[in-house]
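Peer 1: Pasted the sequence and its predicted model underneath.
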Amino acid sequence: MDYSKTFYLPKTDFPMKANLNQREPEILKFWEDINIYKKIIDKNKGKEKYILHDGPPYANGHIHLGTALNKILKDIVVKYKSLCGFYSPYKPGWDCHGMPIEHQVFKEMGKKKNEVDILQFRKKASDFAKKFANIQKEEFKRLGVFGDWENPYLTLSPSYEEDIIRAFGILYISGYIYKTYKPIYWCITCETALAEAEIEYYEKKSPSIFVKFRIIDDKGKNIGEDSYFLIWTTTPWTLPGNTGIMVHPDFDYLVIIDGNEKLIIAEKRFEEIKKISGKDLKIYKKYKGKELYGILCKNPLIERESKVICADIVSGDEGTGCVHTAPGHGEEDYYVGLKNNLPIISPVNEKGEFTDEISDFKGINVFKADKLIINKLKENNFLFYSGEILHSYPFCWRCKNPVIYRSTKQWFLKVDYNNLRETMLDEIKKVNWVPSEGINRISSMISLRPDWCLSRQRLWGVFIPIFYCENCGKDILTQEILDRLCELVRKYGSDVWIEKEANEILPVDFKCPDCGSNKFRKEMDILDVWFESGVSHISVLKEENDLSWPSDLYLEGSDQHRGWFQTSLITSCAIFKKPPYKTVLTHGFVVDGTGRKMSKSLGNVITPDEIIKNYGAEILRLWSIFENYQEDIRISEEIIKNVVNGYRVIRNTIRFLLGNLYDYKREFEIPYDKLFEVDRWAIEKLKLTVRKVTENYEKFAFNKVFEEIYNFCNINLSSFYLDYLKDRLYTYSKNSLERKAAQTVLNKVLINLLILIAPILSFTAEESYQFIPFEKKESIFLEDWPKIEQEDKDLLERWDKFFEIRKIVLKKLEEKREEKIIGSSLEAKLTILSDKDTYEFLKSFYKLNTLFIVSEVEIKESDKFEIKVEKTKNKKCQRCWIYFPQVGKNESFPDLCEKCIDVIKSDFS
RNA sequence: GGGCGCGUAGGUCAAGGGCAGAGCACCGUGCUGAUAACGCGGGGGCUGAUGGUUCGAAUCCAUCCGCGCCCA
């Protein structure tokens, strides 16, 4: 007889095959239709806040795996906190100004910086940034990220620009801002400052000269008369700007005899210099580099001292080991010069000609001056050797001419003003850095960082709000001016700085406080974009945005220790004396399957789009937390395959749970103490899982969250409990305690499971939630996080012992299966011989055979432990497939067991 | 070149001086009432390399190699 119509198989429309790429857009639409983000926010209104402040991605292209990873991690945190009942609004933002966009827009226009109408250009750049902010917005939404997408913050919006200007103004007025010389890349043909991105490197032939700097004060080192430091340079024209000579503190330096003269060079370079010059040089004395510190030399070209200083950037592989230092003409020279208080001299105008400062070469192009300088050095006997060299040199990306380092006045934020550096170093310690190594990184950076250069000679950004008196040159910004300007910017955007004359912005009849003049000009440099994002905490974390300062969490890639974490810390500590964050969480970088970074040239780039198309955003979400994201995160076909596998296990578990709840209703719930012991065990395991999962969410250890959930589904449910439960679910009477108790547990497991996975597997949690066939909330995201309950440790320990025995049983069963004695485990009869304790222990389990999924278990006391497996002699019940001695004894139902006969009679007649 | 990290099975992760482990993949197998599902069993490792400390090292120390981020 066919009994297939007489039992309760799982029934659900929740599909086994996820088909994520098709289904996700439907779920997104559902969320949009019910406005899920607002409903979550409304649900938690008035509760404790948890504010994750979004670091703005740069709006100049499509998202990549790194940006996707970052947004997904943020989304997981916000969803988790929201489910836990926190009021956790998420306001995404975009970084819209800056060089890369400027660069790309110039390219599109086919023009360069000084060929464009500024306002027209800025309009184009603005459109460009908005376009990509919108593209990225859609891409982020596609990932299932919830947030206030209708009201993001953009650094180019007038209100944000106003906040940038106000923040700068506050810092200026309180004394943090000053102006001084700093070398920058400069193209003397285009007469413009260049950014690093506008530099191309080519081979260039340059002079290579060794020059003698006469010692005028050896600080009592007794080096002797007619002594010189020998330096090497490939840019003779920078010699007039020389103010120092670097030596390595740990190198040995030799005083060598060259005729009547003595020369100082590094010992490491001695042989090489002897070879180059072809001279017979003799060693006279030896000094450690650090002993030479402070010796004064004379610049061989002009009347200026040159001081010997120590720096460990000095190379022992080229030159003389004594390095010509012109702080006005090089980045390294500049920083070393700052540290040692060397004057920064840059006697070169914007055309690349020497200024009045160098009377001998006034008006001469620096590159043309090289030859003249070499000749003059030779004439005056300061040239030791002269040759030529082919080396890599920076060129202008536009005109392809070699560029120079030229010092111009730049605006700075002083890090050592008002104890700012100490404040930051103190406050850093109060922040929770996750992982904890982050504190080392940011601390060492803060303790070493130089003043922050805030000005850029660019077009796409917010102008530095400073006026200059045309008469006396004084820089001017008062509270009154700042307030007026902020009002204008709020109304018209930062373009107003260009649109209006200085006098239209300044208060009526404003006069220079120093000289009384009424003529002013505006600063035309813009602010470093890092300053813009660095004040996001001021602009965004406001009451009017429903947010609050400081934020609970910043969550970005580990590169932001140098970037946003630091710039935000500076502005925040300068203005409020406190960091804008309580916790800083960092993640690593996405690399390929072999651990190498992704790049076009390596050809190993994988895009979020490919993953979404082939597998779905859900897989991307799961991948994001599948590995330990605090280190580098690898991605490869194989890894994605693993992720998909993990996903399938969860999905199938959910499907089985749903399928067995098709006829369940909440009022059927069986109270805990009426459940069978094995059901209580399942509940205790669930409690344990909920607790561990929650702990790991709290620690942001999302890969462990998944591991816990996965192991629960796989080891506790799939391998044991659900397999065992099939008999009770399928074959017992619809309203039996066996079935109802099982369903009670399954219902509890299902709803808890869905909540636990919802922050990560949002699509699947929602999709399956909608298949729950009885009364529920509108969305899984409106549920409450399960309460943490202490699990019953005694019960769990008792069952751990059971599982130890079960493991042996399973192995024995497999042996008999191999011997072809049994197939299905239900064909088996177990005999377990054991000591009294174990005997009593086993005896205490209800229907032990069903727990092992065998037909018969016989337990006996014995002095040895042994498990025997044989084929049962009973007959198989055709309905429940268990072998019973009673099968065949009933005439009406000769192929059924007693229980099944009862069920058929009660449920199907 | 410097700073901060990382390196354990094919991949993802555990073990932090005392027998190197888990689930996945793989192989074998059962079931055909979770079926592109589910169950059971199995093989797989010179713990990046080389030295050292120790009775004993994946673990502590040193050097090196490879990879990532930041800086020069």
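Peer 2: Now that the structure is in, tell me what you want to look at. Residues are numbered from 1 along each chain as shown, chains lettered A, B, ... in the order given.
Peer 1: hey, let's count contacts and neighbours off CA atoms from now on
Peer 2: Noted.
Peer 1: Quick check: longest strand in chain A by residues?
Peer 2: When chain A is parsed with DSSP state E, its longest strand is strand A:199-217.
Peer 1: what packs against the following helix or strand past it?
Peer 2: Using DSSP states H and E, the next helix or strand after strand A:199-217 towards the C-terminus is strand A:227-233. On a contact count with 3 or more Cα pairs under 8 Å, 6 or more residues apart in numbering; DSSP states H and E, strand A:227-233 meets strand A:199-217, strand A:261-266, strand A:322-325.
Peer 1: got the residues of the stretch 601-750 of chain A near RNA strand B?
Peer 2: A:626-629, A:631-634, A:638-639, A:642, A:645-646, A:648-649, A:652-653, A:655-656, A:711, A:714-715, A:717-720, A:722-723, A:726-727, A:730-731 (Cα under 7 Å from any atom of the strand).
Peer 1: Any of the residues you listed buried? List them.
Peer 2: A:626-629, A:632-634, A:646, A:649, A:652-653, A:655-656, A:714, A:717-718, A:720, A:722, A:726-727, A:730-731 (16 or more other Cα atoms under 10 Å).
Peer 1: buried stuff in the longest strand of chain A?
Peer 2: Neighbour-count burial for strand A:199-217 [16+ other Cα under 10 Å]: A:199-200, A:206-217.
Peer 1: Show only the entries of the residues of the stretch 601-750 of chain A next to RNA strand B found in helices.
Peer 2: Counted as lying in helices by DSSP state H, out of these, are A:626, A:638-639, A:642, A:645-646, A:648-649, A:652-653, A:655-656, A:711, A:722-723, A:726-727, A:730-731.
Peer 1: which residues does the spatially most central residue of chain A contact?
Peer 2: Closest to where the C-alpha atoms of chain A average out (Cα atoms, centre = their mean) is A:Gly557, at 1.7 Å. Applying Cα atoms under 8 Å, 6 or more residues apart in numbering to A:Gly557 gives the contacts A:70, A:586-589.
Peer 1: Which of those residues fall in strands?
Peer 2: Filtering these for strands - DSSP E - leaves A:586-587.
Peer 1: ok, of the contacts of A:Gly557, which one's closest to A:Ile498?
Peer 2: A:Asn70 (36.8 Å; Cα to Cα).
Peer 1: Help me confirm that that closest one comes into contact with A:Tyr554.
Peer 2: No - A:Asn70 is not in contact with A:Tyr554 according to Cα atoms under 8 Å; the separation is 11.0 Å.
Peer 1: quick revisit: and of the helices and strands packed on strand A:227-233, who's closest to RNA strand B?
Peer 2: Nearest to RNA strand B, of all those, is strand A:322-325, at 12.9 Å by Cα to the nearest atom of the strand.
Peer 1: which parts of the helix or strand following the closest one are buried?
Peer 2: As assigned by DSSP H and E, the chain's next helix or strand after strand A:322-325 is helix A:331-339. Of the residues in helix A:331-339, those buried by neighbour count under the rule 16+ other Cα under 10 Å are A:331, A:333-334, A:336-337.
Peer 1: next one: stretch A:314-321
Peer 2: Neighbour-count burial for stretch A:314-321 [16+ other Cα under 10 Å]: A:314-316, A:319-321.
Peer 1: Other residues contacting it?
Peer 2: By Cα under 8 Å, 6+ apart, stretch A:314-321 touches A:230-233, A:246-248, A:265-266, A:268-270, A:273, A:322-323.
Peer 1: likewise stretch A:155-170?
Peer 2: A:93-97, A:126, A:153-154, A:461-462, A:464-465, A:477, A:479, A:482, A:486-487, A:489-494, A:531-533, A:535, A:538-539, A:575.
Peer 1: In the stretch 801-909 of chain A, mark out all the helices, start to finish.
Peer 2: A:836-843, A:848-852, A:898-907 (DSSP state H, counting those that start in this stretch).
Peer 1: Identify the residues contacting A:Thr653.
Peer 2: Going by Cα under 8 Å, 6+ apart, the list of residues near A:Thr653 reads A:713, A:717-718.
Peer 1: Quick check: the gap between it and A:Phe146.
Peer 2: 26 Å (Cα to Cα, to the nearest Å).
Peer 1: Check A:Val255 too.
Peer 2: 70 Å.
Peer 1: Can you give the contact residues for the least confident helix or strand in chain A by mean pLDDT?
Peer 2: None of the helices or strands of chain A scores lower by mean pLDDT, DSSP states H and E than strand A:192-194, at a mean of 78. Strand A:192-194 has contacts (Cα under 8 Å, 6+ apart) with A:184-187, A:350, A:396, A:457.
Peer 1: and if we set it to 6 Å?
Peer 2: Strand A:192-194 is contacted from outside by A:185-186, using Cα atoms under 6 Å, 6 or more residues apart in numbering.
Peer 1: still on that earlier bit, return the closest of the contacts of A:Gly557 with respect to RNA strand B.
Peer 2: Looking across these and measuring by Cα to the nearest atom of the strand, the closest to RNA strand B is A:Phe589, at 4.9 Å.
Peer 1: Give me the neighbour count for that closest one.
Peer 2: Look at A:Phe589: counted by other Cα atoms under 10 Å, it has 24 neighbours.
Peer 1: next one: A:Leu602
Peer 2: 9.
Peer 1: give the contact list for it.
Peer 2: A:Leu602 neighbours (Cα under 6 Å, 6+ apart): none.
Peer 1: quick one: secondary structure of it?
Peer 2: coil (DSSP: H, G, I helix; E, B strand; the rest coil).
Peer 1: how about it, phi and psi?
Peer 2: phi -80, psi -20 (degrees, to the nearest 10).
Peer 1: how much space between it and A:Phe884?
Peer 2: Taken as Cα to Cα, the span from A:Leu602 to A:Phe884 is 66 Å.
Peer 1: can you map out the strands along the stretch 351-500 of chain A?
Peer 2: Assigned by DSSP state E, counting those that start in this stretch, the strands in the stretch 351-500 of chain A fall at A:383-396, A:404-413, A:432-434, A:452-453, A:455-456, A:467-469, A:475-476.
Peer 1: Throw those strands into CSV and include mean neighbour count and mean pLDDT, thanks.
Peer 2: Shown next, in CSV, are the strands of the stretch 351-500 of chain A (neighbours: other Cα atoms under 10 Å; pLDDT from 0 to 100):
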stretch, mean neighbour count, mean pLDDT
strand A:383-396, 16, 84
strand A:404-413, 22, 90
strand A:432-434, 18, 93
strand A:452-453, 18, 90
strand A:455-456, 23, 90
strand A:467-469, 21, 96
strand A:475-476, 18, 95
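Peer 1: For those, give me JSON lines that also has distance to RNA strand B.
Peer 2: Formatted as JSON lines, those follow (distance: least, Cα to the nearest atom of the strand, whole Å):
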{"stretch": "strand A:383-396", "distance to RNA strand B": "14"}
{"stretch": "strand A:404-413", "distance to RNA strand B": "14"}
{"stretch": "strand A:432-434", "distance to RNA strand B": "12"}
{"stretch": "strand A:452-453", "distance to RNA strand B": "12"}
{"stretch": "strand A:455-456", "distance to RNA strand B": "16"}
{"stretch": "strand A:467-469", "distance to RNA strand B": "30"}
{"stretch": "strand A:475-476", "distance to RNA strand B": "28"}
